[in-house]
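K.L.:
Dropping a prediction and its sequence here:
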Amino acid sequence: MSPPPAEVPSYLTAEAGLWSWLRTKDHKRIGVLYLVLVLLFFALGGFFALALRLELLTPEPDVLGPMAYNRAFTLHGVIMVWLFLIPSVPTTFGNFLLPIMVGARDVAFPRLNLFSWYLFAAGGVITLWGLFQGGADTGWTFYTPYSTTSGTDVLPILVGVFIIGFSSILTGLNFIVTVHTLRAPGLTWMRMPLFVWALYGTSLIQVLATPILGMVLLLVAVERVAGIGLFDVGRGGDPVLFQHLFWFYSHPAVYIMILPTMGVLSEVICAFSRKNPFSYRMIVLGTVGIAFVGFFSWGHHMFVAGQSVAGSGAFGALSMLVAIFTSIKVFTWIGTLYRGSIVLSAPLVYALGFIFFIFFGGMTGVAVATTSADVHWHDTYFVVGHFHYIMVGSALMGFLAALHYWFPKMFGRMYPSGPAIGSAVLIIFGFIVTFLPHFLLGNMGMPRRYATYPAEFQALHVASTAGASLLAYGFLGIAGYLVWALVKGPLAGDNPWRSHGYEWASHSPPPAANFLTPPEFEREPHDYTVVEAPRVY
Amino acid sequence: MSELMRRMLFLPEAASTFATRVDGLHFFVIGMSMLVATGLAVVGLVFLVRYKRRPGDAPTTPRVEAPHWMEALFLSLPLTFFLLWFVIGFLDFSWFNSPPRGALDVYVMGKQWMWKFAYADGPSSVGVLYVPAGRPVRLLITSRDVIHSFFVPDFRVKHDAVPGRYTQIWFEAPRPGRHAIYCTEYCGLMHSRMRGEVVVLAPADFEAWSAQEQGGDVATLSPFHEGAEVEEARGPMAARGRRVAAEKGCFKCHTEDGTPHIGPTWLGLYLRVERLKSGEDIVADEAYLTRSMMDPDAQVVAGFLPVMPTYLGQLSATDAAALVEYIKSLRPARPGEAVSQEPVYVPTSR
């Protein structure tokens, strides 16, 4: 029997004071520190999304002028991609849960972990300062030669994102070493929780691809400052070279955003249908496959950019492989529900939303990978709809599913179930209303990044803006009941979901050392053929 | 049938031979996705209802794993469709990238924030691309500054305009008509105003247009033939200037009614005292107006960006004079009205 939790101080109460948080080397506290930052950044990026939607309510500029609009969509993109989506799941839930799920006391390099957080915070502050004081108007993609010649202040943002990149690399390195060296006895590779597999695949991408981003951002910065002419035709350079280098990172970066949330999905669906995964190895294959093939599909961003026809063909075919690894996961998740014992609580509602969004996000991805149809859709709202289905629809639903599944694990308190399910339904509905019109707008030919547009596009823009306001109410709802739960929520107990995932083998919230005695994982995660949940160590 | 699908999917009319081909693949992919989505939703809902936990249910569930044949099916079935779509798509894509012999060549140049078109036999235009119906047209696209993208939704045709290279695409429009051109690669401040129009003319009309262009007689240009009233009010020379201004795309940046836009308004511009970027004051007389057309960056009015292209070699002496005459004719109703203001970049529709 484990000692009653009251006698063990949790990681939250082990030390007191702000200073103890700022110098902590505890992976759980660092996860919470990250959570605070990414939620702040998400609120900021969301605010600018609303400003954009408001401007697009009418064809002519009325809320923002074209300059303010161009700066706002740059702000929205940079914040959402680099300050929210890329760090969202790995640095928060990954940091908190990975060591617990492999039965370790902490990550392999706790001091480096804290340093990553400071790098992230510093990079975030520099980026935000750059965005607000100068306000670059290049978009988050920084395409040359516009980004090297724009009169706005691009440099601080390049520097900020460069620094964030290092934080990302160090976190990935930490996770890879942790998974390789700190697994508890008996935890073989093919018994690792699927969330750990997802984080492992993500970390590989972070370590291998992020240096390319650092390099290309540095080159743009040097080009701006010293005018070396690398991307300038007039001096023998090539602007398309930038696109190759940029997407060599930024396409795999999409999988940095989506793979961890796929891991969340596998955990949530197993926990709430009380079933083993329908095919564990298919999910592992899909995870590793996406991490690998994701590196060879960047050219599908350049079908109409002047790339060779044969090159476009190769990248189109390779992109289909990424789609296949995603589709086997979708089949497996739905198969997991079969003969389960399903409880429809908030995390599962988000998970079902995720499946819906990844299906349409993925299928529209297949549609644009066919090369010929992409000629019409490229750089239109169809693509905006496609990547918002993946990056907001899927990645954000995964983040929210994780937040609702592991909230009692992290803070030991429970949120009210009714408002949680209500907000989830509102968000999923609001999301569909916001982004479904984007596909139709793209079909009509509405180009992206337009501050003004011809009047025939207005009806669908109005629908989209209406949906965005629903989303805003949904998020305010979540903020409301989670803050309430944090302060006044009923105590959750060690395992409120009676989940058989490994992370529930420690107390909730866990003690500073995670486990009071070294854990042994005797059964596979999510083995529901037995009654007892994992023993609490 | 395909017309119905087109309407349901909000696709614009298919006004090129490529559009008809590519729409077929579009309907195939979307239709199949919808079908599979419905199937998956039904299966998912059945599971959710059938296996919902009820009071008294056992806390355990049986261990169920996908059999090998099902795993193989999950992999191979979607892959078959994905690859089939890819093959169909790539065949069309190669076709679209291989202009047929004997196509009409048009040089397309993007610059912030307008499209210019030049024909091998001499004519050129700004903002409006004239092409004959029923004949393949090859576009040789480049850019003078940053990357732009030439997009005609009705043709399903798009290609980036990259500085330093010519890229080529082609299309054939079977019927006469007018179709919007958009820039789809973000190119700065007025990106969303970088629009234009393709005018597909019947072959005979196109020949006539081309012959007129080579003769340099813009006065009989049909699409801008609104000159009668201008001619009556301001005289034949100013009327000609108005037509030249429309034809050369001047109104993309300059207004005639005092509305602030990218460039200084022409209303009351003649003999107005303008403060230049250098701090110097200058009187906008005939010499200044002509110089601004030919060497626009030399004397930029303070507060405006140096974005105007040179029209050196593009305006005949008569056309330049006609433009000056036209600007001279634009006088405000009351003196003091329509002073040059900083551009606010909030142009209202003309």
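P.N.:
Cool, the structure landed. Numbering: from 1, shown residues only, chains lettered A, B, ... in the order given.

K.L.:
Every contact and neighbour count from this point should use C-alpha atoms.
P.N.:
Fine.

K.L.:
Which positions in the strand or helix carrying A:Ser327 come out as buried?
P.N.:
Assigned by DSSP states H and E, A:Ser327 belongs to helix A:309-337. Buried residues in helix A:309-337, counted by 16 or more other CA atoms under 10 Å in any protein chain shown: A:309, A:312-313, A:315-337.

K.L.:
what do you get for stretch A:508-527?
P.N.:
Buried-residue list, stretch A:508-527, by 16+ other CA under 10 Å: A:508-516, A:519-521, A:524-527.

K.L.:
Farthest-apart pair in the residues you listed, please.
P.N.:
Across these, no pair lies farther apart than A:Ala512 and A:Asp527, at 27.2 Å, counting by CA to CA.

K.L.:
Distance across stretch A:438-454, terminal residue to terminal residue?
P.N.:
15 Å (CA to CA, to the nearest Å).

K.L.:
if we can go back for a sec, of the buried residues of helix A:309-337, which ones also sit close to chain B?
P.N.:
A:309, A:313, A:316-317, A:320-321, A:324, A:327-328, A:331, A:334-335, A:337 (CA under 8 Å from any CA of the partner chain).

K.L.:
closest to B:Ser329 among these?
P.N.:
Nearest to B:Ser329 among those, with distances taken as CA to CA, is A:Val309, at 53.1 Å.

K.L.:
quick one: that closest one and A:Thr371, what's the gap?
P.N.:
Counting by CA to CA - A:Val309 and A:Thr371 are separated by 10 Å.

K.L.:
which neighbours do these two share?
P.N.:
Here A:Val309 and A:Thr371 have A:303, B:93 as joint contacts, going by CA atoms under 8 Å, 6 or more residues apart in numbering or on different chains.

K.L.:
next helix or strand past the helix ranked longest in chain A?
P.N.:
Determined from DSSP state H, the single longest helix within chain A is helix A:239-273. As assigned by DSSP H and E, the chain's next helix or strand after helix A:239-273 is helix A:280-293.

K.L.:
Does anything pack onto that next one? Which helices or strands?
P.N.:
Helices and strands touching helix A:280-293, by 3 or more CA pairs under 8 Å, 6 or more residues apart in numbering or on different chains; DSSP states H and E, are helix A:194-226, helix A:239-273, helix A:309-337.

K.L.:
between the second one and helix A:280-293, what angle do the directions make?
P.N.:
The directions of helix A:239-273 and helix A:280-293 differ by 170 degrees, with axes from the mean of the first three to the mean of the last three CA atoms, to 10 degrees as the criterion.

K.L.:
So, low pLDDT: which residues of the chain?
P.N.:
Reading this off chain A. Applying pLDDT under 70 to chain A flags the ranges A:1-7.

K.L.:
actually it's chain B I care about, not the one you picked
P.N.:
B:215-235, B:333-350.

K.L.:
And the helices in it, which stretches?
P.N.:
Ranges of helices in chain B, per DSSP H, are B:2-8, B:17-50, B:68-96, B:203-215, B:227-234, B:236-248, B:286-294, B:317-329.

K.L.:
mind checking which of the ones you listed is nearest A:Ala395?
P.N.:
Taking these one by one with CA to CA, helix B:17-50 is closest: 19.6 Å.

K.L.:
Is chain A within reach of the closest one?
P.N.:
Yes - between helix B:17-50 and chain A, judged by CA under 8 Å from any CA, the touching residues are B:22-23, B:25-26, B:29-30, B:33, B:37, B:40, B:43-44, B:47-48.

K.L.:
Now neighbour count and distance to A:Asn95 too, for those, in a markdown table please.
P.N.:
Below are those laid out as a markdown table (neighbours: other CA atoms under 10 Å in any protein chain shown; distance: CA to CA, whole Å):
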| residue | neighbour count | distance to A:Asn95 |
| --- | --- | --- |
| B:Val22 | 23 | 46 |
| B:Asp23 | 20 | 47 |
| B:Leu25 | 20 | 44 |
| B:His26 | 22 | 43 |
| B:Val29 | 21 | 40 |
| B:Ile30 | 17 | 39 |
| B:Ser33 | 19 | 37 |
| B:Ala37 | 16 | 35 |
| B:Leu40 | 17 | 34 |
| B:Val43 | 15 | 35 |
| B:Gly44 | 18 | 32 |
| B:Phe47 | 21 | 34 |
| B:Leu48 | 21 | 32 |
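
K.L.:
Quickly name whichever of the residues you listed is closest to B:Lys111.
P.N.:
Closest approach between those and B:Lys111, by CA to CA: B:Val22, at 29.0 Å.

K.L.:
tell me the contacts of the nearest residue to that closest one once chain neighbours are set aside?
P.N.:
Of all residues not flanking B:Val22 in the chain, A:Ala373 sits nearest, at 5.9 Å (CA to CA, 6 or more residues apart in numbering or on different chains). Shown in contact with A:Ala373 (CA under 8 Å, 6+ apart): A:367, B:22-23, B:25-26, B:89.

K.L.:
separation between A:Ala373 and A:Ser319?
P.N.:
14 Å.

K.L.:
now do A:His526
P.N.:
Distance from A:His526 to A:Ser319, counting by CA to CA: 32 Å.
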